[in-house]
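Student: Here's a sequence, model it:
(2 chains)
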Amino acid sequence: MNNKLKNFFKGVRDTSPLMIPVVPFGIIFGVLAIDLGLTPLTTIAMSIIIFGGASQIIFLQLFSAGASSLVILSSVGAVNSRHLLYGTVLSEHLSDLNLTWKIIVSYFLVDQAFAVSNDHFKKNNNDKDKHFHLLGGGLNCWTIWQITTLIGIYLGSIIPEKLGLSFAIPLTFLALLVNDFRKLINVIVIMTSGTVATLGYQIIPFKAYVIVAALIGLFMAIILTKLVKKNYE
Amino acid sequence: MSNLALITYCGLITFLTRFSMIALLKKEMFNDKIREILSYVPSAIFPAIIFPLIFLDDSGTIQLENNPKILAAIIAMGVGIFSRSILATIFSGLTSYWLIIFII
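Tutor: A predicted model of the protein is given here:
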């Protein structure tokens, strides 16, 4: 098979296990949006234009609470700030692409695609077609997201809330961290960031708890790696 | 602002956060030290999304007692560390959550 196609389908395959929890996530989003009085068309537009689960859920939460446009916009920005870091990590591998490709892969840069493509890029650093992996993974996420949004819209409130399907959301992110739980520095960073986010949820304005906690976690990582190096010297 | 305009602006912000670093940064800007620090990015970001969804209730209050999500998440984490499998982590978490809320 052609190398581009091979990378593309590897991306599809690698993201596929991560799509299972995206299914309830998308359905929950569709159900919530209709419950809150958005039209099916607006709901579909959201999934296509924003194409970001966390952003869309935050949008709904604030929209239903009657928050102002400015607060909604800045909160979506804050939730999305993690993409700045994804972009920083991946730019090393994508800096040679032309502008059109950069625009295309940026649209598809979601959590799940980032996690698997980052891994793939590190292992295939010299492959000039490696961005097709991100395209495949991203398009896989995109397709699943649109289909499940539609299912959610049609299912409306049929799904019992008691099932607690929203719990699949933190589990998805947790699953992305399994390898990091084996390393002490990572565990400390994880606990720091999680604790700051939980305690700061109510206090930190504009739902900026995600970026604040992440930056404090990263700061912790810098200090710890410095300490470890000092001990070895 | 109309709903659609607001959604479009949110979409634009989302896109720009994904696009800006990819568009602006150059390969030469990276050395091993920066690379090492950046390898901690997932560990720094994902918990900020995970923890509040597990430890906070719908109103945003910390809930440590009678919270089946905590035990289910610990089980999922244990299975994840042991199996290194993304699927096993998610399924063990959901299954134990349903066991706790429906049976026990």
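Student: what sits against A:Val178?
Tutor: Contact analysis of A:Val178 by CB atoms under 8 Å, 6 or more residues apart in numbering or on different chains lists B:77, B:80-81, B:83-86, B:89. Quick note: C-beta positions are derived from backbone N, CA and C, even for glycine.
Student: Dihedrals phi and psi, it?
Tutor: Per-residue torsions, A:Val178: phi -50, psi -40 (degrees, to the nearest 10).
Student: Quick check: closest non-adjacent residue to it.
Tutor: Of all residues beyond its chain neighbours, the one nearest A:Val178 is B:Gly80 (3.6 Å), with distances taken as CB to CB, 6 or more residues apart in numbering or on different chains.
Student: okay but that neighbour is in contact with B:Ala88, surely?
Tutor: Yes: in this structure, B:Gly80 is within contact of B:Ala88 by CB atoms under 8 Å, at 7.0 Å.
Student: More neighbours: which of these two?
Tutor: Per other CB atoms under 10 Å in any protein chain shown, whichever of B:Gly80 and B:Ala88 has more neighbours is B:Gly80, with 27 against 17.
Student: so how far is A:His120 from that one?
Tutor: Taking CB to CB, to the nearest Å as the measure, B:Gly80 falls 20 Å from A:His120.
Student: Mind naming the longest helix for chain B?
Tutor: Longest helix of chain B, by residue count under DSSP state H: helix B:3-24.
Student: which is the next helix or strand following it?
Tutor: Scanning forward in sequence from helix B:3-24 by DSSP states H and E, the next helix or strand is helix B:32-38.
Student: Next, count neighbours for A:Ser91.
Tutor: As a burial measure, A:Ser91 scores 21 neighbours (other CB under 10 Å).
Student: Give me the mean pLDDT for the one helix or strand it maps to.
Tutor: In this structure, A:Ser91 is located in helix A:69-94 according to DSSP H and E. Helix A:69-94 shows a mean pLDDT of 82.
Student: Please identify the buried residues of it?
Tutor: Neighbour-count burial for helix A:69-94, counted by 16 or more other CB atoms under 10 Å in any protein chain shown, picks out A:69, A:72-94.
Student: for the chain, which spans come out with low pLDDT?
Tutor: By default, I'm working from chain A. By pLDDT under 70, the weakly predicted segments of chain A are A:65, A:157, A:159-162, A:165, A:206-207, A:233.
Student: ah, I was thinking of chain B
Tutor: The model of chain B has pLDDT under 70 over residues B:26-30.
Student: Spatially central residue in it, please.
Tutor: Closest to where the C-alpha atoms of chain B average out (CA atoms, centre = their mean) is B:Phe46, at 3.7 Å.
Student: how about the nearest residue to it, chain neighbours excluded?
Tutor: A:Phe173 (4.5 Å).
Student: give me the element that neighbour is part of.
Tutor: helix A:168-175.
Student: burial measure for the residue in chain B positioned nearest to chain A, as a count.
Tutor: In chain B, the residue that lies nearest chain A is B:Met21 (2.9 Å; CB to the nearest CB). Here the count is done by other CB under 10 Å, and B:Met21 has 20 residues near it.
Student: Next: B:Ser83.
Tutor: Look at B:Ser83: counted by other CB under 10 Å, it has 13 neighbours.
Student: Surely it and B:Met77 touch.
Tutor: No: look at B:Ser83 against B:Met77 with CB under 8 Å: they stay out of range, at 11.1 Å.
Student: shared neighbours of these two, anything?
Tutor: Counting by CB under 8 Å, 6+ apart, the residues touching both B:Ser83 and B:Met77 are A:178, B:89.
Student: Domain parsing of chain A, as residue ranges.
Tutor: A:3-164, A:177-233 (automatic domain parsing).
Student: As a markdown table, those domains with distance to B:Ile13 would be great.
Tutor: Shown next, in a markdown table, are those (distance: least, CB to CB, whole Å):
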| stretch | distance to B:Ile13 |
| --- | --- |
| domain A:3-164 | 5 |
| domain A:177-233 | 13 |
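Student: helix or strand for the nearest residue to A:Gly152 once chain neighbours are set aside, which one?
Tutor: In this structure, A:Gly152 finds its nearest non-sequential neighbour in A:Gly30, 1.8 Å apart by CB to CB, 6+ apart. Secondary structure from DSSP H and E places A:Gly30 in helix A:3-35.
Student: what comes up buried for that helix?
Tutor: Residues A:4, A:7-8, A:10-12, A:14-34 are the ones in helix A:3-35 that count as buried (16+ other CB under 10 Å).
Student: then stretch A:137-155 to PDB, C-alphas only?
Tutor: Provided in PDB are the C-alpha atoms of stretch A:137-155 (Å, rounded to 0.1, in the frame of the first residue of the first chain):
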ATOM      1  CA  GLY A 137      -7.100   9.800  13.200                       C
ATOM      2  CA  GLY A 138      -8.700  13.200  13.000                       C
ATOM      3  CA  LEU A 139     -11.100  12.200  10.300                       C
ATOM      4  CA  ASN A 140     -12.100   9.100  12.200                       C
ATOM      5  CA  CYS A 141     -12.900  11.300  15.300                       C
ATOM      6  CA  TRP A 142     -14.700  13.700  13.100                       C
ATOM      7  CA  THR A 143     -17.000  11.100  11.500                       C
ATOM      8  CA  ILE A 144     -17.800   9.400  14.800                       C
ATOM      9  CA  TRP A 145     -18.500  12.900  16.400                       C
ATOM     10  CA  GLN A 146     -20.900  13.900  13.600                       C
ATOM     11  CA  ILE A 147     -22.700  10.600  13.600                       C
ATOM     12  CA  THR A 148     -23.100  10.400  17.400                       C
ATOM     13  CA  THR A 149     -24.300  14.100  17.500                       C
ATOM     14  CA  LEU A 150     -27.000  13.100  15.100                       C
ATOM     15  CA  ILE A 151     -27.900  10.000  17.200                       C
ATOM     16  CA  GLY A 152     -28.100  12.200  20.300                       C
ATOM     17  CA  ILE A 153     -30.300  14.700  18.500                       C
ATOM     18  CA  TYR A 154     -32.800  12.000  17.500                       C
ATOM     19  CA  LEU A 155     -32.600  10.100  20.800                       C
END
